[in-house]
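**Student:** Sequence first, then the predicted structure:
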Amino acid sequence: MYLKSMNLKGFKSFASSTTLNFEQGITCVVGPNGSGKSNVVDALSWVMGEQGAKSLRGGKMEDVIFAGTSGRAPLGRAEVSVTIDNADGVLPIDFSEVTITRVLFRNGSSEYLLNGETTRLLDIQELLSDSGIGREMHVIVGQGQLDAILLANPEERRAFIEEAAGVLKHRKRKEKAIRKLDSMQTNLARIQDLTVELRRQLRPLGKQAEVARKASVIQSDVRDSKLRLLADDLTRMRSEMEVEVADENVLRERKEQVERELNTARAREVELDAIAASENPQLIAAQENFYRLTAQREQIRGVQNLSSERARFLAEEAEEAKAIGRDPKALEDEALVLRQEESALATQVKISQDQLQVDSNSLKAIEQQLALEENRVSASLRAIADQREGTARQEGHINGLRSRIDATTGEITRLTAAKDSADGRLRGYRESFALIETQISSLTATEPGLDNQFNKLKGDLKSAEAELKVLTDKLQSTEKLRAGSLGRLTAFTEITELVAASQNANLIEKISVLTSNCEAEVAKVSADCDRIKFELTASQNRFDSINREYEVALSKLNDSDAAMTGLAEQLAVAGQNVKNTGEELDRLIAALDAANEQRTFDERDLAAAIAQFESHQTPLEPDLTHLEDLRSQVSGARSKEVEARLSLRTIEERRDAIAQRAIALENQASAERDAASKSISRRENRAQAAVTAQEIADTAYEALIQIESSISKAGAERARLEKSRSDREGEILNLRTVGRELAIELERLTSSVHKDEIARAEQRLRIEQLESKAVEELGVDVSTLLTEYGPSNDVPTFYENEQGEFVPGDLIPYRRDQQEKRLAQAERSLTLLGKINPLALEEYSSLEERLRYLAEQLEDLKKTKKDLLDIIKEVDDRVQQIFTQAYEDTAREFEIVFARLFPGGDGKLILTNPSDMLTSGVDVEARPPGKRVKRLSLLSGGERSLVAVALLIAIFKARPSPFYVMDEVEAALDDTNLGRLLGVFEELREKSQLIIITHQKRTMEIADALYGVTMRGDGVSEVISQRIREVDAVS
């Protein structure tokens, strides 16, 4: 395992991304002062978890981020990644390479990454500590580290060895166990006190609990009786409601049937009105066709009469002409008479035409009036149908509004009750909330005092502890000084005896003076020892007193914190209850306002609907009298017109016939005057004319027969249509009668259904009240109530035995009167018990359970205490074993390394208290060659540095690590001592990787790779690398 590479980006002077690839041997980093060499060491310490800004030569942790220069802006974060080759599996992780990354942002946030995955600093420290690197990074020797070793006291020097030996994790384990033990000791005392208090409370509470137990049994009877009576009421009301709902459904079905029949009747009435509107034109057309055919019949009948008369006349004339000729004068006279008759008939024709025109105009006017009246009647019928349909819809709307108003009223009643209940609960919750806030305010008021007292005692305790430590150190120093003085005094005494034998007076006098001085010094030091011991005893007593006060204050503070936490939880629950109940109350108020507003709207709509309904209550009936009069007038006018037409036609035909007769007589007279030879031809013509006239008469007769048939058909069609109209009007009249009867029945059914709905709503409300009572007062849901306490279930019985215990008896069938008696008797028994503490049984059980629990906890704590003591002893044994072995190995290596660095000198490690390997410090004795001094403070600067290096290397060799980083540790050495140190480095290179920051050329010569760090003009460090072995190979 070795450091493979390190990448710096934004760390101190390394603004740009810089990568250093390390070799397995020795890597030297060189460069002028201020170029950023030591920043490489700082980067290694930082990425491996260093948390002290001062250890990184800064004031605060953000100082490691590149701060910018005149030519380059500051960066927002620093990032360092170090890659470790783990091919040999030293690190307990399944990767051949492990990359540790640490990132720090200028806002103070940071993160650690292990192979790109976010991780914790603790995980990284534990991973590295198992490889011999250590949590305190003893393998990185920065600037000033040697002075720290030289100035360290024996306990601090011991810490260096422990760090290398991996003792720290065991000490952490012991500290954790001691903290648990201290905390557990406090808990143990508290539990013992609680146990005594609980036993004292249990005695009076037992009697109350017995009364409460009996009351609980009686209350169970009360509750059971109430539940069974409530279940009986609920079952009965539900059964009644089912029957009434069935009756209501029958009414609803009948109402729906009546509505369907009424709608069918109204639809049939509208249909008949539509049929009447469509058949009226057919009836009018049939009547017109009948009148037209009748007129044609009269016309054809006139033609037939004229033709028959003309045929007869021509036949007679032919016979007369055949017999004798006529006198022309007589013929002219007859023609003159006919001309006069023709003139009279022309006047009559003019009169008839005028009368016909008058009759026609009168007919058209009456027909127009008839059409307008028929349109009016049709519109009236449609309006009546629409009014009836609207009236029915209005009635349904009114009934629906009434039902909705009643339902809304019931909902308002229910919401009002729920609002009042929620309001009561909210007041209770607010009172609890205010009470808890008062308690918290009281505790909060006392909290600063407890904190101040605790912090003061904590400060006093630290001061006393520091004073105790100073006095202890002072006493140890004074004891050492007294031991030295006594040693010197003994030596002087031995020398005095030797000198006395030599009879050298001068020397004896000088030695006597020195002995006196030494005795005075011993007396003074002994007095100092006694005084320090007295001060140490007083300080120890003061420390013990403050420590006890500190424990008491800590206990009070913990109790206050526990009480505050409990009250905070209660306050949170109360606050949540207040919030929930407030939200429920707001919701109920909003629902209540909405229901009231809806009821107001519905009542307003109902009033408007009733007013509109009453305004349209009087049904309209179309007035058919005028229509019938107009139809009679049209019929009379048409008959009169036909008669006028027939009369006019007859007169015109007579006029034409007379005119023709006059012409014929005139012609005949003229013809008579013609040659008699033409008489035969005239007779033949007249005979032919008579035949033609007879044919016309016959044709007219046949046409008359056909016209009669058409008239008969037209009359039948007119009669059919008139009968259809009469039948339809009768059916409409019958439908109106049925509709009125159905409307009355529908109104009655609607009123009944509405009353039933109100009754059902009230009954449902009562059922809901019973169900709510079961849930809220008795705590039983409805399904459980009916399943377990319904009237179909048997009732269990209980009786009290000789021991005063209630035991179950036989099951009996449910009877309401028995349950009512049972309820009354149980309530009387409950009254006889007097005042009952309802919480006594629960409190007794709770206290008993708590006492049991505390007893178990007490046993667990005792067992845990024993386990913790075993763990502490086991850790102490393990620490003693590891430290003893590490110390012996380090002491042995120190003597070897010291002998190499100081040939002829003598150095060794000494335990300050060999009898206690757990706490004994480690002191260093160093005697360079040619000197008799052993104290480090009396050595030169170079010697002291070399001794410190010797101690570090001894630790390194006793407990090797995969790599070591040294920052200018050989700066104060001369060439001779440097050469010896480099020899030691050569030995370390065989087992570990060395990274050395140096200015020494000889140190660079032993390096396998060389990195030069320089500072560019813009204040940014850059690195130049060179592999020495490759250069040597090229050379």
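**Tutor:** Nice, thanks for sending it over. Numbering: from 1, shown residues only.

**Student:** Show me where the stretch 151-300 of the chain has its helices.
**Tutor:** 154-165, 168-323 (DSSP state H, counting those that start in this stretch).

**Student:** quick one: average pLDDT of the longest one?
**Tutor:** Averaged across helix 168-323, pLDDT comes to 76.

**Student:** and it with helix 154-165, angle?
**Tutor:** 50 degrees (axes from the mean of the first three to the mean of the last three CA atoms, to 10 degrees).

**Student:** Quick one: list the elements packing against helix 168-323.
**Tutor:** Helix 168-323 sits against helix 328-502, helix 505-615, helix 625-673, helix 678-776, helix 782-789, strand 795-800, helix 816-832, helix 840-901, with contacts defined as 3 or more CB pairs under 8 Å, 6 or more residues apart in numbering; DSSP states H and E. Heads up, the C-betas are built off the backbone N, CA and C, glycines and all.

**Student:** Can you say which of the helices of the stretch 151-300 of the chain is packed in most?
**Tutor:** Neighbour counts (mean count of other CB atoms under 10 Å) averaged over each of these peak at helix 154-165, with a mean of 20.

**Student:** rewinding a little: can you put the helices of the stretch 151-300 of the chain in CSV and add distance to Ile93?
**Tutor:** CSV is the format used below for these (distance: least, CB to CB, whole Å):
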stretch, distance to Ile93
helix 154-165, 22
helix 168-323, 18
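
**Student:** Mind checking those for the one nearest to Arg980?
**Tutor:** Among the helices of the stretch 151-300 of the chain, the nearest to Arg980 by CB to CB is helix 154-165 (21.7 Å).

**Student:** Quick one: distance of the closest one to the chain centre.
**Tutor:** 57 Å (CA atoms, centre = their mean, to the nearest Å).

**Student:** what's next to it, contact-wise?
**Tutor:** 132, 134-136, 138, 149, 152, 168, 171, 879, 882-883, 885-887, 890, 912, 919-924, 951-952, 955-956, 958-959, 961 (CB atoms under 8 Å, 6 or more residues apart in numbering).

**Student:** which residues does the residue lying closest to Glu334 once chain neighbours are set aside contact?
**Tutor:** Leaving aside its sequence neighbours, Glu334 sits nearest to Leu665 (CB to CB, 6 or more residues apart in numbering; 5.0 Å). Contact analysis of Leu665 by CB under 8 Å, 6+ apart lists Leu331, Glu332, Glu334, Ala335, Leu338.

**Student:** Would you format the residues you listed as a markdown table with distance to Gly424 and pLDDT included?
**Tutor:** Below are those laid out as a markdown table (distance: CB to CB, whole Å; pLDDT from 0 to 100):
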| residue | distance to Gly424 | pLDDT |
| --- | --- | --- |
| Leu331 | 134 | 68 |
| Glu332 | 134 | 70 |
| Glu334 | 130 | 73 |
| Ala335 | 129 | 71 |
| Leu338 | 124 | 72 |
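
**Student:** List just the nearest of those to Glu111.
**Tutor:** The closest of those, once distances to Glu111 are taken by CB to CB, is Leu338, at 143.4 Å.

**Student:** Now do the domain split for this protein, please.
**Tutor:** The record assigns the chain these domain ranges, following automatic domain parsing: 245-413+630-761, 423-615.

**Student:** And those: which comes nearest Leu202?
**Tutor:** If you check each of these against Leu202 by CB to CB, domain 423-615 wins as the nearest, at 22.5 Å.

**Student:** Name the residues of stretch 880-895 that come out as buried.
**Tutor:** Ile882, Phe883, Ala886, Tyr887, Asp889, Thr890, Ala891, Glu893, Phe894, Glu895 (16 or more other CB atoms under 10 Å).

**Student:** Closest one to Leu786 out of those, please.
**Tutor:** Closest to Leu786, out of all of the buried residues of stretch 880-895 and judged by CB to CB, is Ile882, at 75.2 Å.

**Student:** quick one: contacts for the closest one?
**Tutor:** Ala165, Gly166, Val167, His170.

**Student:** isn't the last one right next to Gln881, touching?
**Tutor:** So the one you mean is His170. No: judged on CB atoms under 8 Å, His170 makes no contact with Gln881 at a distance of 10.0 Å.

**Student:** one step back: reformat the contacts of Leu665 as CSV; add neighbour count and distance to Leu194.
**Tutor:** Shown next, in CSV, are the contacts of Leu665 (neighbours: other CB atoms under 10 Å; distance: CB to CB, whole Å):
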residue, neighbour count, distance to Leu194
Leu331, 20, 167
Glu332, 18, 167
Glu334, 19, 164
Ala335, 21, 162
Leu338, 21, 158
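
**Student:** What is the nearest of the residues you listed to Gly108?
**Tutor:** Gly108 has its nearest neighbour among the contacts of Leu665 in Leu338, at 145.2 Å by CB to CB.

**Student:** count of neighbours near the closest residue to the closest one other than its chain neighbours?
**Tutor:** Spatial nearest neighbour of Leu338, excluding adjacent residues (CB to CB, 6+ apart): Ala662 at 3.7 Å. Other residues near Ala662 come to 20 when the count uses other CB atoms under 10 Å.

**Student:** And the one 5 residues further on, by the same measure?
**Tutor:** Taking other CB under 10 Å as the criterion, the count of residues near Asn667 is 15.

**Student:** repeat for Lys1001
**Tutor:** Applying other CB under 10 Å, I find that Lys1001 has 9 neighbouring residues.

**Student:** OK, contacts around it?
**Tutor:** Lys1001 touches nothing, counting by CB under 8 Å, 6+ apart.

**Student:** hang on, isn't Ser724 packed against Ser278?
**Tutor:** No: in this structure, Ser724 is not within contact of Ser278 by CB under 8 Å, at 11.3 Å.

**Student:** if I read this right, Thr919 contacts Thr912, doesn't it?
**Tutor:** No: between Thr919 and Thr912 there is no contact under CB under 8 Å: 9.0 Å.

**Student:** Neighbour count for the two, which is higher?
**Tutor:** Thr912 (17 against 9).
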